[in-house]
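Asker: 3D model of this:
(2 chains)
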Amino acid sequence: MLLIYCPYCEEERSELEFRNAGDAHIARPTNIAEITDEEFEAYFFLRDNPKGVIFERWRHIHGCGRFFNAARDTVSDRFLTTYQAGEPKPDLNAQPKTSATLETYDEALEGAAQ
Amino acid sequence: MRKYSVFAVAREALRGHKGWGPHWASPEPRPQYDVIIIGGGGHGLGAAYYLAKEHGITNVAVLEKGWIGGGNTGRNTTIIRSNYLYEESMDIYEHSLKLWENLSQDLNYNVMYSPRGVMMLSHNIHDQQSFKRHINANRLYGIDNEWLTPEQAKAYCPPLDIAKSARYPINGAALQRRGGTARHDAVAWGYARAASDRGVHIIQNCEVTGIRRDETGRVTGVDTNRGFIGAKKIGISAAGHSSVLMQMADVRVPLQSQPLQALVSEPLKPIFPCVVMSNSVHAYISQSDKGEFVIGAGTDQYNSYSQTGGLQIITHTLDAICELFPMFRRVKMMRQWGGIVDVTQDRSPIQGVTPVPGLYLNAGWGTGGFKATPGSANLFAHLIARGEPHRLAAGLTLERFRTGRLIDEAAAAAVAH
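Answerer: Predicted structure coming up:
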C-alpha cells in the first residue's frame, strides 16, 4: 500500500484514502464539438503509460476531497513529489515532501489536535 | 521432436529418465528473419507456432527479454471461459475455447485442460439480470451457459454457503460447463516445444530496445541487447510492456499498465470441484491439481510496472472468499505475486495492424489473456501472415478508439475487473 502526501492536508496518508484519477495535465479542448475524430481520440483515449516517471492525478477522496497531481516512478512506485492542482510540472530534483517523523505518542496527539 | 506418449514414459522409466532432452532449441539469432514476435508468453509462442503450422512461415524468431513463460503466462489464475456478452468477444474467446479442447493432442503436450465448469455467483437482482442477459446472448450465439438456482449451484459446488443469512447471499449462478482451467506453464512450454520443432527460433534473455524503420516508415528490424536483428514483419505480443514497445515506434496506444495480483494457498485434498467467480464482491477461486487454492485479486488503481501490488487488494479478496466459503477461513496462504496487465478503456483486446507498416499489435488482453491464448495466437498468426485481420478478430482493431465502435465489456460487467 502506498503512502501519499496530500499537498492540501500537508500530511502523508495511506492509499486507502485516495483515488487515482489518471494522467495529469490534460487540457480538455475548448472547441470540443469541432475537433476531428483523431483529436478526440488523442484527448479522450490516448494516455501516457511510461515505464519511469508518470505525472498523474490523485483525489484525496476520504480526506479533504480535493484533486492534486503527483510525479511517481512506475517501476519502484516511489512518489517523487506531489503538488496542488493547477501548478505546473515541478522540478523533480527537489526533495520530496513527507510528514516529519514523530518521535513520541504525545507529538502524534499534538499533531492530531492541531 | 521426440513424440511424447505412454510408450516414451515406459521406455524412459526403464532407462532412469536420462533420455528426455531439452524441450526446445536455443539457437543463436540469425541476422534476418521473415517475422519477429516480441514476447515469449503463450500468445507470442502460439502465434509463432501457428505461423509455422498453418501459414508455412518458419523463418520466425520469438524474442523474450526474460525466460519463456516467466511473464503473465506464468502469473495468472488459469481460468478458461467464453461467456462474454458481445459478438466480437464471443467470437474470439469461443474460437479459443474450441482450440483448448484439442490443444494437448495438437501440441503433443499435456496442457491439463480441465473443463470443470466456471460458475459466476449472483448476489442481487442486478447480477441476476446481467447474468441472464449474458446467458441468453451466449445461447443465441451457440455458446453454453446456463442459469442455476442456489440449490443447483450448491449441488454443483458443495463448499458454497447459500444460507439466506450469509454476508453475501447467493440468489443464483451462471454456469459455463465447458469452462475450466489449464496448466499455464505447460501452455508456454508446449507451444515453445512445438514451435521450435517446426523451425522457429526461441531466443530468451533478449530484450528489444528499439524498433528500426526505413525512410518509408516500414519496419526493418529491432535493436536488442544482443545486437540488431532484421525482420520484414514484427508482431508485438508483450502484455504490460506493449505501450513501451509501441512508443519505440512512436505510436501512442490506449493502454494502461497496472499490477494484477494472485495468490495460492497451502495444498489441500481435493474439495473444490469447479471455478467460482463472484464479480460483485470480487473473488475468484479454483483448486489446482496440486491441491492449492488459486485465488485471483483485483488490479491496483494506479499505473505500475513493479510486478507487485498493494496488500489491501488481496486482503479484500480473501475477506470475500472467507465469507463465501467459511470452511476456508483457517487455510494458510503460501505465495502471492503480481503481473503487469495492459488494460484498454473498453476492457477488450486490441489485435490488428498499426500505423507503422509491417508492425502488428496483439495487446490489451488486460485481466483475461490466459483463456484467449490459443485463439489469440491463432488469429494473430493469421494477421501477421496475411496482413489483415481474420474475420473473428476484425472488430478488435486499434481504430475503434477513433471511430467510437468500442466493445464495451467493462460496462457489460460479466467479467471480474
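Asker: Poorly predicted segments of chain A, please.
Answerer: Within chain A, the stretches with pLDDT under 70 are A:94-105, A:107-114.
Asker: interface residues of it facing chain B?
Answerer: When proximity is defined as Cβ under 8 Å from any Cβ of the partner chain, chain A approaches chain B at A:1-2, A:15-16, A:19-20, A:22, A:37-38, A:40-42, A:45-51, A:54, A:56, A:72, A:74-77. All C-beta spots, glycine's among them, are computed from the backbone N, C-alpha and C.
Asker: Filter those residues down to the ones in helices?
Answerer: A:D37, A:E38, A:F40, A:E41, A:A42 (DSSP state H).
Asker: Which pLDDT value belongs to the residue lying closest to B:A182 once chain neighbours are set aside?
Answerer: In space, B:A182 comes closest to B:Y113 once its chain neighbours are excluded; the distance is 4.4 Å by Cβ to Cβ, 6 or more residues apart in numbering or on different chains. In this model, B:Y113 is scored at 96, pLDDT.
Asker: At the contact with chain A, which residues of chain B appear?
Answerer: Residues of chain B found near chain A (Cβ under 8 Å from any Cβ) are B:241, B:243-244, B:247, B:252-257, B:301-306, B:308, B:310-312, B:345, B:401-404.
Asker: Can I have the buried ones of the residues you listed as a PyMOL selection?
Answerer: Of the residues of chain B next to chain A, the buried ones go into a single PyMOL selection, burial set by 16 or more other Cβ atoms under 10 Å in any protein chain shown:
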select buried, chain B and resi 241+243+244+247+253+254+255+256+257+301+302+303+304+305+306+310+345+401+402
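Asker: thinking again about what came up before, do you know how far the residue nearest to B:A182 is from B:L175?
Answerer: 18 Å (Cβ to Cβ, to the nearest Å).
Asker: Just put the ones in helices among the residues of chain A next to chain B in a markdown table and tack on neighbour count.
Answerer: What follows is those, written out as a markdown table (neighbours: other Cβ atoms under 10 Å in any protein chain shown):
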| residue | neighbour count |
| --- | --- |
| A:D37 | 12 |
| A:E38 | 10 |
| A:F40 | 15 |
| A:E41 | 20 |
| A:A42 | 18 |
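Asker: Now distance to B:I321 too, for the residues you listed, in a markdown table please.
Answerer: Below are those laid out as a markdown table (distance: Cβ to Cβ, whole Å):
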| residue | distance to B:I321 |
| --- | --- |
| A:D37 | 44 |
| A:E38 | 45 |
| A:F40 | 42 |
| A:E41 | 40 |
| A:A42 | 42 |
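Asker: returning to what we had before: just the buried ones from the residues of chain A next to chain B?
Answerer: Buried by 16+ other Cβ under 10 Å: A:2, A:15, A:20, A:41-42, A:45-51, A:54, A:56, A:72, A:74, A:77, out of the residues of chain A next to chain B.
Asker: Looking at those residues, which are in strands?
Answerer: Those of these mapping onto strands are A:N20, A:I54, A:E56, A:R72, per DSSP state E.
Asker: The first one bridge partners, please.
Answerer: On the basis of DSSP bridges, A:N20 is bridged to A:W58.
Asker: Repeat that for the last one.
Answerer: In this structure, A:R72 has the following beta-bridge partners (DSSP bridges): A:I54, A:F79.
Asker: For the residue nearest to B:P355 when sequence neighbours are not counted, grab the count of nearby residues.
Answerer: Distance criterion Cβ to Cβ, 6+ apart; nearest residue to B:P355, sequence neighbours excluded, is B:V251 at 5.8 Å. Using other Cβ atoms under 10 Å in any protein chain shown, B:V251 has 18 other residues around it.
Asker: same deal with B:S5?
Answerer: 10.
Asker: follow-up on the earlier one: want to throw the ones in strands among the buried ones among the residues of chain A next to chain B into TSV with distance to B:P326?
Answerer: TSV is the format used below for these (distance: Cβ to Cβ, whole Å):
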residue	distance to B:P326
A:N20	33
A:I54	41
A:E56	39
A:R72	39
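Asker: which among those residues gets closest to chain B?
Answerer: Nearest to chain B among these, counting by Cβ to the nearest Cβ, is A:N20 at 4.2 Å.
Asker: Go ahead and confirm that closest one touches B:S304.
Answerer: No. Using Cβ atoms under 8 Å, A:N20 is not in contact with B:S304; the gap is 10.3 Å.
Asker: residues touching the residue sitting furthest away from the middle of chain A, list them.
Answerer: Distance from the C-alpha centroid of chain A peaks at A:E34, with 31.1 Å (Cα atoms, centre = their mean). Not one residue lies near A:E34 by Cβ atoms under 8 Å, 6 or more residues apart in numbering or on different chains.
Asker: Model confidence at the closest residue to B:R400 other than its chain neighbours, what's the number?
Answerer: Here the nearest residue to B:R400 in space, its sequence neighbours aside, is B:L406; by Cβ to Cβ, 6+ apart that works out to 5.8 Å. You'll see B:L406 listed with a pLDDT of 93.
Asker: what's the answer for B:M1, then?
Answerer: B:M1 is given a pLDDT of 75.
Asker: Going along the chain, name the helices of chain B.
Answerer: Here chain B has its helices, by DSSP H, at B:6-14, B:42-55, B:87-107, B:125-140, B:150-156, B:184-197, B:242-248, B:311-324, B:373-386, B:400-403, B:409-412.
Asker: Deepest-packed of the ones you listed, please.
Answerer: Counting by mean count of other Cβ atoms under 10 Å in any protein chain shown, helix B:42-55 has the highest mean neighbour count of the helices of chain B, with a mean of 27.
Asker: and the direction of that one versus that of helix B:184-197, what angle?
Answerer: Using axes from the mean of the first three to the mean of the last three Cα atoms, to 10 degrees, the direction of helix B:42-55 lies 40 degrees away from that of helix B:184-197.
Asker: and helix B:42-55, C-alpha only, in CSV?
Answerer: What follows is helix B:42-55, C-alpha atoms only, in CSV (Å, rounded to 0.1, in the frame of the first residue of the first chain):
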residue,chain,number,x,y,z
GLY,B,42,1.7,-18.1,-24.6
HIS,B,43,0.3,-15.6,-27.1
GLY,B,44,3.7,-14.9,-28.8
LEU,B,45,4.9,-18.5,-28.8
GLY,B,46,1.5,-19.7,-30.0
ALA,B,47,1.5,-17.1,-32.8
ALA,B,48,4.9,-18.4,-33.9
TYR,B,49,3.6,-22.0,-33.8
TYR,B,50,0.6,-21.2,-35.9
LEU,B,51,2.7,-19.1,-38.4
ALA,B,52,4.8,-22.2,-39.0
LYS,B,53,1.9,-24.8,-38.9
GLU,B,54,-0.9,-23.0,-40.7
HIS,B,55,0.9,-20.4,-42.9
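Asker: Do I have it right that the residue nearest to B:A182 meets B:L107?
Answerer: No. Taking Cβ under 8 Å as the definition, B:Y113 is not a contact partner of B:L107, at 10.9 Å.
Asker: domain assignment for chain B?
Answerer: Following automatic domain parsing, one finds the domains of chain B at B:28-110+B:183-254+B:346-412, B:118-180+B:257-343.
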